[in-house]
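Trainee: please work out how this folds:
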Amino acid sequence: MLKRILAISAILGVFLAVAACGSNHSVLRGRVIDGPVSGASVYDSTGTLIGTTDVNGYFILRGTGPYRTTGGTYIPLNADGTPGSPLAAPPMSAPDGINQITPLSTLVANANSADRTAILATLTRLGVDLNTDLSVKNSQNGAAVVLNEMIGALLQQDSSAPATVSSLITSVAAISTSVTPVTTASLITAVTTGLTPAQTTAATNAAQGADLFTGTLPVVPITGSTGSTGGS
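Mentor: Numbering: from 1, shown residues only. Have a look, this model is predicted:
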């Protein structure tokens with residue numbers, strides 16, 4: 001009898017463990033990163049609000065992509081690599097099939113076919129793709145994080161200006177072949193050519209800060225709701 005009870009207990013334990021594991025991973029999530037964006041509203045392809053991002057930028061995947069965001073806040077990096085003060089995040093978007101919404105994905109989503117191909121080639125040259133986590137800077141994705149933070153700073157200044165977005169699309173597309181070697185300085189030159197002095201300063205500060213920073217990008221301190229991610 002004791003052996004039977006132990007056997008039943010073991011089977012029940014395995015069942016509960018599997019069930020628990022399934023519940024932890026059954027919710028699919030996307031993420032918004034310009035630095036992790038907290039409190040952004042996320043919309044699906046029909047324009048339906050599907051939720052808000054939590055303090056780490058996560059949101060539950062509902063409806064159908066492509067997804068876009070409005071609002072939210074993030075922590076930019078100062079030129080010396082230290083966390084700055086919270087800023088309002090720019091509206092961002094991603095092409096269909098991409099669930100990580102970033103400044104770089106925003107350019108891809110707004111580019112024509114040729115420029116989209118060139119921007120993706122730029123990302124390949126930097127050793128990443130649109131699904132790469134850009135919230136943690138390391139030796140593999142460092143150049144892409146620098147570029148993403150730089151583009152984010154420029155979108156934050158004036159994301160509503162078609163000329164700004166168009167200029168950034170052209171600049172980032174050109175990096176696929178024109179920037180040699182790929183360094184923070186060369187990325188700054190490639191992106192800021194033709195921009196205003198204020199834009200150049202914002203982009204340069206963001207790039208230099210990201211270049212000096214290593215590790216997990218800072219998040220906005222929790223002051224209330226942590227968003228609707230549906231679990232950790």
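
Trainee: where along the chain do the helices fall?
Mentor: Applying DSSP state H to the chain gives helices spanning 2-25, 103-110, 113-125, 142-158, 162-178, 184-192, 197-212.

Trainee: nearest to A79, out of those?
Mentor: helix 197-212 (4.2 Å; C-beta to C-beta). Glycine gets a C-beta too; all of them are placed from N, C-alpha and C.

Trainee: what are the buried residues along that closest one?
Mentor: 199-200, 202-212 (16 or more other C-beta atoms under 10 Å).

Trainee: in CSV, list the residues you listed along with pLDDT and distance to L168.
Mentor: Below are the buried residues of helix 197-212 laid out as CSV (pLDDT from 0 to 100; distance: C-beta to C-beta, whole Å):
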residue, pLDDT, distance to L168
Q199, 92, 10
T200, 93, 13
A202, 94, 12
A203, 95, 10
T204, 97, 15
N205, 97, 16
A206, 97, 13
A207, 98, 13
Q208, 98, 18
G209, 98, 19
A210, 98, 16
D211, 97, 19
L212, 97, 23
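
Trainee: now those in CSV, with distance to V32?
Mentor: Shown next, in CSV, are the buried residues of helix 197-212 (distance: C-beta to C-beta, whole Å):
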residue, distance to V32
Q199, 23
T200, 26
A202, 20
A203, 20
T204, 24
N205, 22
A206, 17
A207, 21
Q208, 24
G209, 20
A210, 17
D211, 23
L212, 24
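
Trainee: among the residues you listed, which one lies nearest to T184?
Mentor: D211 (4.3 Å).

Trainee: what's the separation between that closest one and Y43?
Mentor: 33 Å (C-beta to C-beta, to the nearest Å).

Trainee: same check, this time on A79
Mentor: 33 Å.

Trainee: got a list of what the closest residue to L212 other than its chain neighbours touches?
Mentor: Spatially, and ignoring its direct neighbours in sequence, L212 is nearest to G81 (3.2 Å; C-beta to C-beta, 6 or more residues apart in numbering). G81 is in contact with Q208, G209, A210, D211, L212, F213, counting by C-beta atoms under 8 Å, 6 or more residues apart in numbering.

Trainee: could those residues be laid out in a markdown table, adding distance to K137?
Mentor: Converted to a markdown table, the contacts of G81 look like this (distance: C-beta to C-beta, whole Å):
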| residue | distance to K137 |
| --- | --- |
| Q208 | 13 |
| G209 | 11 |
| A210 | 7 |
| D211 | 9 |
| L212 | 10 |
| F213 | 6 |
